[in-house]
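# got a predicted model here, sequence first, then my questions.
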Amino acid sequence: MKLLIVDDDQLVCQSLKLLLGKEEDLEVVDIAANGQEAIEVCQRELPDVILMDIQMPIMDGIKSTKRIKDQWPSVQIMMLTTFQDEKNIRLALKAGAEGYLIKSAAIENMAQQIRALRAGSTVLDADVLKTIMEPDREALEGLTQRETDIVDLVAQGLSNKEIAGQLFLSVGTVRNMLSVILDKLEIRDRTQLAIYYWQRKQG
């Protein structure tokens, strides 16, 4: 499996190259210091998996990820960054990244995570999942923030497919979560749910 490591910190690049180079089935074909260099390496080497930092000079990791996925959709990208804020996580996943890990996490199992990514799994750090899914104080009573987001979009008249696109979820997940929401609130259908939402907002 051919790997590309993209980070403006040379120490990070060299450490990962040394660590992953010990694995028989992994080959670090190159390292890059920014998103533009990553694109150039892709043109030359076409790696299977890219470990991509977010904040870099010249071109950041999110912009680079989008361009790489547009041109080489088979290349899989794992963000490896210090940034755990929800905005960066969502932007990275929207750009096409299949994984998102925090640099402070233990990297002993990095090789296994890369193999899982290549096998088709989405690899998300536990803290990243918590950031995305954690309930919020502003959520509707009895619902998580994510469930409240779905109710908000239902109230705006969006279909399950449109909601899935907005929240980076599958249509099946939206359908299942909507069923849970209706059950929690003891509401019959989407129309009643929208009425409930607007009554709560006005109250």
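Yep, that arrived.
# list the contacts for N34?
Contact analysis of N34 by C-beta atoms under 8 Å, 6 or more residues apart in numbering lists 6, 8, 56-59, 64. Heads up, the C-betas are built off the backbone N, CA and C, glycines and all.
# cutoff 7 Å now
The contact partners of N34, by C-beta atoms under 7 Å, 6 or more residues apart in numbering, come to 8, 56-59.
# among those residues, which lie within strands?
Among the contacts of N34, none falls in strands (DSSP state E).
# confidence-wise, which helix or strand of this structure is lowest on average?
Lowest by mean pLDDT, DSSP states H and E among the helices and strands of the chain is helix 126-133, with a mean of 66.
# among the contacts of N34, who's most crowded?
Most neighbours among these, by other C-beta atoms under 10 Å: M56, with 23 neighbours.
# dump the residue contacts of that residue.
Neighbouring residues of M56 by C-beta under 7 Å, 6+ apart: 8, 34-35.
# got the domain boundaries for the chain?
With domains defined by automatic domain parsing, the chain comprises 2-131, 135-202.
# report the residue spans of this protein with pLDDT below the cut-off.
105-108, 126, 129-139, 201-203 (pLDDT under 70).
# all helices of this protein, in order?
Applying DSSP state H to the chain gives helices spanning 10-21, 35-45, 61-71, 86-95, 110-118, 126-133, 145-155, 160-167, 171-185, 190-202.
# for those, give me TSV that also has distance to M1 and mean neighbour count.
Formatted as TSV, the helices of the chain follow (distance: least, C-beta to C-beta, whole Å; neighbours: other C-beta atoms under 10 Å):
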stretch	distance to M1	mean neighbour count
helix 10-21	10	14
helix 35-45	12	18
helix 61-71	17	21
helix 86-95	21	18
helix 110-118	6	18
helix 126-133	23	14
helix 145-155	34	19
helix 160-167	31	16
helix 171-185	29	15
helix 190-202	45	13
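# the spatially closest residue to C13 that is not a sequence neighbour pairs with what?
Sequence neighbours aside, I31 is the residue nearest to C13 in space, at 4.2 Å (criterion: C-beta to C-beta, 6 or more residues apart in numbering). Judged by DSSP bridges, the bridge partners of I31 are I5.
# one step back: make a markdown table from the contacts of N34 and add distance to A194 to it.
Shown next, in a markdown table, are the contacts of N34 (distance: C-beta to C-beta, whole Å):
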| residue | distance to A194 |
| --- | --- |
| D8 | 47 |
| M56 | 43 |
| P57 | 47 |
| I58 | 46 |
| M59 | 42 |
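# closest to E45 out of those residues?
Taking C-beta to C-beta as the measure, E45 lies nearest M59 of the contacts of N34, at 17.8 Å.
# residues contacting that closest one?
34-36.
# of the residues you listed, closest to L93?
Using C-beta to C-beta, the contacts of M59 come closest to L93 at G35, 16.7 Å.
# state the distance from the spatially most central residue of the chain to V123.
Ranked by distance to the mean C-alpha position of the chain (C-alpha atoms, centre = their mean), the top residue is L93 at 3.3 Å. As judged by C-beta to C-beta, to the nearest Å, L93 and V123 stand 12 Å apart.
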